[in-house]
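Fold the stuff below for me.
(one chain, ligands or ions: 1)
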Amino acid sequence: MSEPSVPGGRGAVLDLPCGETKRVRELDLGKREFDCPCGDSHAVVMDVHPPDRFLPEFLVEILQETIETTSDDMPEFGTAHLMGIVLEEFPEAVVSEDVSEDGELGAGIVWVTDFDSRRLHEIIVELVVELMEHAVSHADDDDVVSEFESKMLQFDVSEFVDQYRAQRDLDPEPYM
Ligand SMILES: [Zn+2]
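Okay, here's the model as predicted:
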């Protein structure tokens with residue numbers, strides 16, 4: 001056990017889209033959402049959560065193969081990119097904080113959204129499907145295109161999210 005010394009003492013405070021505030025130290029790696037005094041639940045995402053919190057492995061693999069990332073810090077497509085896409089689409093609904101200096105959390109970036117965790121999950125899947133449809137439509141490889149299309153034909157976002165969440169709730173340590 002190490003005791004990291006933290007400048008500032010009590011950690012950062014997020015100003016939430018709803019007008020409330022949340023101390024990042026009250027969040028932890030296993031938290032997916034919290035109940036806010038505004039009456040809603042807000043989703044919590046950290047960059048250390050693997051992208052398969054939201055997406056099945058076949059989608060993550062295709063994304064990692066097809067999406068070119070430009071950042072040296074995040075060479076492989078991951079959760080930070082997913083949240084970047086959400087932020088681009090819903091800039092008013094997402095707040096984030098760089099907590100990499102705060103050893104208490106064990107994460108680099110924390111995002112909190114106005115949506116609850118289930119709604120965020122649906123939004124991410126919808127945005128990724130759109131992104132991939134766009135990317136795949138430009139692919140030269142016919143096998144990639146037809147494989148993707150056949151998988152997407154059977155893909156229902158809401159049903160997928162329900163099933164995926166139920167399945168992951170059975171996993172005692174979904175992020176590690
Ligand atoms: Zn709130």
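
Can you spell out which helices and strands pack onto the longest helix along the chain?
Secondary structure of the chain per DSSP state H: the longest helix is helix 117-137. Applying 3 or more Cβ pairs under 8 Å, 6 or more residues apart in numbering; DSSP states H and E, we find helix 117-137 packed against strand 41-46, helix 57-66, helix 79-89, helix 142-153, helix 157-169. Heads up, the C-betas are built off the backbone N, CA and C, glycines and all.

Next, format the ones you listed as CSV and append distance to Leu105, mean pLDDT and mean neighbour count.
Shown next, in CSV, are the helices and strands packed on helix 117-137 (distance: least, Cβ to Cβ, whole Å; pLDDT from 0 to 100; neighbours: other Cβ atoms under 10 Å):
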stretch, distance to Leu105, mean pLDDT, mean neighbour count
strand 41-46, 7, 96, 23
helix 57-66, 24, 82, 16
helix 79-89, 15, 94, 19
helix 142-153, 36, 81, 12
helix 157-169, 21, 88, 14
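
Now these in TSV, please, with extra columns for distance to the ion.
Formatted as TSV, those follow (distance: least, Cβ to the ion, whole Å):
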stretch	distance to the ion
strand 41-46	6
helix 57-66	30
helix 79-89	17
helix 142-153	34
helix 157-169	21
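
could the ones you listed go into JSON lines alongside distance to Gly106?
Formatted as JSON lines, these follow (distance: least, Cβ to Cβ, whole Å):
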{"stretch": "strand 41-46", "distance to Gly106": "8"}
{"stretch": "helix 57-66", "distance to Gly106": "22"}
{"stretch": "helix 79-89", "distance to Gly106": "14"}
{"stretch": "helix 142-153", "distance to Gly106": "34"}
{"stretch": "helix 157-169", "distance to Gly106": "20"}
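
quick one: contacts of the longest helix of the chain?
32-33, 41, 43-45, 54-55, 59, 62-63, 66-67, 82, 85-86, 89-90, 113, 115, 144-145, 148-149, 152, 155, 157-158, 160-161, 164-165 (Cβ atoms under 8 Å, 6 or more residues apart in numbering).

Pull the residues that contact stretch 17-27.
Counting by Cβ under 8 Å, 6+ apart, residues outside stretch 17-27 touching it are 10-16, 34, 36-38, 40, 42, 44, 46, 92-95, 97, 99, 102, 104-105, 110, 112-114.
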